[in-house]
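J.: Pasting the sequence and the predicted model now:
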Amino acid sequence: QVQLVESGGGLVQPGGSLRLSCAASGFTLDYYAIAWFRLAPGKERESVACIESSDNRTHYTDPVKGRFTISWDNAKNTVLLQMNSLKPEDTAVYFCAAADGYCWPYDYWGQGTQVTVSS
């Protein structure tokens, strides 16, 4: 069964850090691109970051550049999203998606993990 499972969300104070994980099962990530999206109340879904397996090319949305880092954990068939200097506007449900090769279109989606940035 193909599945993506996110973990690592939680409550953090502004300026803090979290690391999200997206673990794949039922398929290998070797030939996929993995993206992190987020959805906040009252806002449209936003693509946060994406990494492509072919050349490890990464893409970030402007609001997170310099603060978030997407990377592979190949040993665990997992993609990580390190989030530093978190802001209240980063509060959202974060979920990952897998695409065949490049960062669109997406074939598989996870269920999401809540990230809340608040003092």
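T.: That came through, no problem. Residues are numbered from 1 along each chain as shown.

J.: only C-alpha atoms for contact and neighbour calcs from this point on.
T.: Noted.

J.: tell me the contacts of Gly9?
T.: In this structure, Gly9 makes contact with 18-20, 113-116, judged by C-alpha atoms under 8 Å, 6 or more residues apart in numbering.

J.: Which members of the residues you listed occur in strands, if any?
T.: Secondary structure assignment (DSSP state E) places 18-20, 113-116 from the contacts of Gly9 within strands.

J.: picking that back up, so can I have a markdown table of the contacts of Gly9 showing distance to Asp90?
T.: Formatted as a markdown table, the contacts of Gly9 follow (distance: C-alpha to C-alpha, whole Å):
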| residue | distance to Asp90 |
| --- | --- |
| Leu18 | 11 |
| Arg19 | 13 |
| Leu20 | 13 |
| Thr113 | 13 |
| Gln114 | 11 |
| Val115 | 8 |
| Thr116 | 7 |
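
J.: Among those, which one lies nearest to Ser53?
T.: Nearest to Ser53 among the contacts of Gly9, counting by C-alpha to C-alpha, is Leu20 at 18.6 Å.

J.: quick one: that closest one from Gln1, how far?
T.: When distance is defined by C-alpha to C-alpha, to the nearest Å, Leu20 is 22 Å away from Gln1.

J.: Which one's more surrounded, these two?
T.: The neighbour comparison of Leu20 against Gln1 (other C-alpha atoms under 10 Å) goes to Leu20, with 22 against 5.
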